[in-house]
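*Asks:* sequence-free structure coming up:
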Ligand code: PAF
């Protein structure tokens, strides 16, 4: 059966007891009912093309809540590259099959179209995330976090969850969303979950399906570099570690480094001088052809 968000009716479509909604009106009804019954509501926002990383977020949410809403929506306002948006995998039918392998009766899927979220005005709000938005991803994807903030705020308004789950692969996004919740005084608890990795160490990402098997093998270098950077962090200066990383990528014909940064975990500002009692993380973004991959590692 072919499914797309437009073909889902106003009412829930029942996939083996798992409810799938295309509109916020229908979704809100079922959420109101669950809340009236006193259910604790978890939320996992996604852009679909679900992989084991998403499934582990959803499993965490299922453990800690009575019901879990999973949204599947490729948000146009967070893409600053039209080709990236066009090529972003859209696999609703397969996503629903994967969700059915978890606890279908406890999961509610919200798979809206652009109009249900943006109501005719596809634009993003401008946020002040106190500088978090200008580092790393923000430098290379201007406006990206305004798009993320806009859609996550809308989704929170619609779903009104008690708990919301985000992966640490997008560590900067997680920091931005925690800031969003604090500046807008939203009553949702944000829970960060560890990065899920392939056996070769490659961080799981919806974009990985765009890589050939051979490219996936090469992409494992990203995590190897992060692990070595972590070892070096004990004894070497950040500038030396950066130089070493740049050199590793210069010697690789498949991967192109976009940035490598060692940053303060709270402010996300690049580390100048190592301070006591401060946590640092290494962040990386690299390309294989036009496929952009990001990853990060805690250094101390
Ligand atoms: O991490 C993602 O998949 C997206 O940025 C999110 C949080 C679902 C917003 O579109």
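*Replies:* Nice, thanks for sending it over. Just so it is clear, the model here is predicted, and its values are computed rather than measured.
*Asks:* ends of stretch 209-229, how far apart?
*Replies:* Using CA to CA, to the nearest Å, the end-to-end distance of stretch 209-229 comes out at 27 Å.
*Asks:* quick one: average pLDDT of that stretch?
*Replies:* Average pLDDT, stretch 209-229: 97.
*Asks:* can you give me the offset of it from its chain's centre?
*Replies:* 19 Å (CA atoms, centre = their mean, to the nearest Å).
*Asks:* in that stretch, what counts as buried?
*Replies:* Under the neighbour-count criterion of 16 or more other CB atoms under 10 Å, stretch 209-229 has 210, 211, 215, 218, 219, 220, 221, 222, 223, 225, 226, 229 buried. To be clear about C-beta, it is placed using only N, CA and C from the backbone, and glycine gets the same treatment.
*Asks:* in TSV, list the residues you listed along with distance to residue 239.
*Replies:* Converted to TSV, the buried residues of stretch 209-229 look like this (distance: CB to CB, whole Å):
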residue	distance to residue 239
210	33
211	31
215	30
218	26
219	26
220	26
221	21
222	20
223	22
225	16
226	17
229	12
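*Asks:* wait, which of those is closest to residue 103?
*Replies:* residue 210 (29.8 Å; CB to CB).
*Asks:* wait, isn't that closest one in contact with residue 292?
*Replies:* No: counting by CB atoms under 8 Å, residue 210 does not reach residue 292; the two are 9.9 Å apart.
*Asks:* which parts of the stretch 151-300 of the chain are strands?
*Replies:* With DSSP state E, counting those that start in this stretch, the ranges of strands along the stretch 151-300 of the chain come out as 163-167, 189-193, 255-264, 280-288, 291-298.
*Asks:* beta partners of the closest residue to residue 246 other than its chain neighbours?
*Replies:* Sequence neighbours aside, residue 257 is the residue nearest to residue 246 in space, at 6.4 Å (criterion: CB to CB, 6 or more residues apart in numbering). Beta-bridge partners of residue 257, counted by DSSP bridges, are residue 286.
*Asks:* and the stretch 51-200 of the chain, which residues reach the ligand?
*Replies:* 75, 78, 148, 151, 152, 170, 173 (CB under 6 Å from any ligand atom).
*Asks:* again, only this time at 8 Å
*Replies:* 71, 73-75, 78, 147-148, 151-152, 155, 166-167, 170, 173, 177 (CB under 8 Å from any ligand atom).
*Asks:* what ranges does the stretch 51-200 of the chain have for its helices?
*Replies:* 52-64, 82-87, 92-100, 114-118, 136-140, 144-159, 171-183 (DSSP state H, counting those that start in this stretch).
*Asks:* mean pLDDT lowest where, among these?
*Replies:* Minimum mean pLDDT among these: helix 82-87, a mean of 92.
*Asks:* hmm, who's touching it?
*Replies:* Outside of helix 82-87, the residues within contact range by CB atoms under 8 Å, 6 or more residues apart in numbering are 74, 76, 79, 210, 290, 292.
*Asks:* from the residues you listed, list the buried ones, please.
*Replies:* 74, 76, 79, 210, 292.
*Asks:* residue closest to the middle of this protein?
*Replies:* Geometric centre of the chain, nearest residue: residue 170, 5.3 Å, by CA atoms, centre = their mean.
*Asks:* looks like that residue contacts residue 285 (just checking).
*Replies:* No: using CB under 8 Å, residue 170 is not in contact with residue 285; the gap is 11.2 Å.
*Asks:* if I look at the two, which residues touch both of them?
*Replies:* residue 294.
*Asks:* returning to that earlier point: any chance of the buried residues of stretch 209-229 in JSON lines, plus distance to the ligand?
*Replies:* Below are those laid out as JSON lines (distance: CB to the nearest ligand atom, whole Å):
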{"residue": "210", "distance to the ligand": "15"}
{"residue": "211", "distance to the ligand": "18"}
{"residue": "215", "distance to the ligand": "22"}
{"residue": "218", "distance to the ligand": "24"}
{"residue": "219", "distance to the ligand": "19"}
{"residue": "220", "distance to the ligand": "22"}
{"residue": "221", "distance to the ligand": "23"}
{"residue": "222", "distance to the ligand": "18"}
{"residue": "223", "distance to the ligand": "19"}
{"residue": "225", "distance to the ligand": "23"}
{"residue": "226", "distance to the ligand": "20"}
{"residue": "229", "distance to the ligand": "24"}
